[in-house]
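Chemist: How does the following fold in three dimensions:
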Amino acid sequence: MPDGTTLEVYLDDPGHVRMTNPDEELRSRCMLLRRAIGRPVTLVTGDLGMQLRSDAHGLGHAEMPDKYAKDAQRRAAASDD
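Modeler: Here you go, the predicted model:
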């Protein structure tokens, strides 16, 4: 991206079975990604619980911008109707 930000997509290994808790799956994948690339990983979330778990596991986190929050998307979709 123009500001130097990169977006990298890593696919699951064949046979990977996702955890039943989506938050734990996301946290686990972030930790795996951090080990794989050897750089900090930032988890973007509006969920305080995820922010706390990220901190507890040494992951960075950033607040989800309001315009991307689920409630904002629902309101936008409703106003389009």
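Chemist: residue boundaries of the strands in this structure?
Modeler: Secondary structure of the chain by DSSP state E: the strands cover 42-45, 60-63.
Chemist: Who are the packing partners of the helix of greatest length in the chain?
Modeler: The single longest helix within the chain, with elements called by DSSP state H, is helix 22-37. Under the contact definition 3 or more C-beta pairs under 8 Å, 6 or more residues apart in numbering; DSSP states H and E, helix 22-37 sits against strand 42-45, helix 48-56. The way it works is simple: take the backbone N, C-alpha and C, and place the C-beta from them, glycine included.
Chemist: neighbouring contacts of the shortest one?
Modeler: I take that to be strand 42-45. With C-beta atoms under 8 Å, 6 or more residues apart in numbering as the test, strand 42-45 has contacts from Leu26, Arg27, Cys30, Met50, Gln51, Ser54, Leu59, Gly60, His61, Ala62, Glu63, Met64.
Chemist: Could you dump these into TSV with distance to Thr42, neighbour count and pLDDT added?
Modeler: What follows is the contacts of strand 42-45, written out as TSV (distance: C-beta to C-beta, whole Å; neighbours: other C-beta atoms under 10 Å; pLDDT from 0 to 100):
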residue	distance to Thr42	neighbour count	pLDDT
Leu26	12	17	90
Arg27	13	20	91
Cys30	9	18	91
Met50	12	20	90
Gln51	11	17	92
Ser54	9	24	90
Leu59	8	19	90
Gly60	4	13	88
His61	6	18	91
Ala62	5	12	91
Glu63	11	11	90
Met64	11	17	88
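Chemist: Now do the spatially most central residue of the chain, the pLDDT please.
Modeler: Geometric centre of the chain, nearest residue: Leu43, 4.3 Å, by C-alpha atoms, centre = their mean. Listed pLDDT for Leu43 reads 90.
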